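1. Predicted coordinates and the sequence they were generated for:
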Amino acid sequence: MATSTNASGANRLTTRAASELKDSVLVRVAAMGVFLAFLGIAIEAAIQVGFLVRGISGVWATIFLLWGVALVVVGTVGRTLIWWRRR
């Protein structure tokens, strides 16, 4: 009986997360920030391995990382303020 409750709870959490991503612009902004930050880290890792040459690639890695972090902060703080205001 506990397993069906846990599975049902996990299913509701997944459904709610998908609904939030679909409905909230600020959650989408934060998700895009996570993607850009990951892209910046991936470019930097490619530079460290030797696949890319430092130079303009390093500049783009920094730009993507900074924009990604900024979008995550804006999205999460904005969503938190809206959530706090509604409570």
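-> Yep, that arrived.

2. got the contact list for Gly33?
-> Trp67, Gly68, Val69, Ala70, Leu71, Val72, Val73, Val74, Gly75 (C-beta atoms under 8 Å, 6 or more residues apart in numbering). C-beta here means a position set from N, CA and C on the backbone, and glycine is covered the same way.

3. Which secondary structure state does it sit in?
-> Per DSSP: H, G, I helix; E, B strand; the rest coil, the secondary structure class of Gly33 is helix.

4. which SSE is Gly68 in?
-> helix 56-86 (DSSP states H and E).

5. Same question for Arg54.
-> Per DSSP H and E, there is no helix or strand for Arg54.

6. and it, backbone torsions?
-> phi -60, psi 150 (degrees, to the nearest 10).

7. Surely it and Ile47 touch.
-> Yes. Arg54 lies in contact with Ile47 (C-beta atoms under 8 Å); the separation is 5.4 Å.

8. In terms of packing, which of those two has more residues around it?
-> Applying other C-beta atoms under 10 Å to Arg54 and Ile47 shows that Ile47 carries more neighbours, namely 16 against 12.
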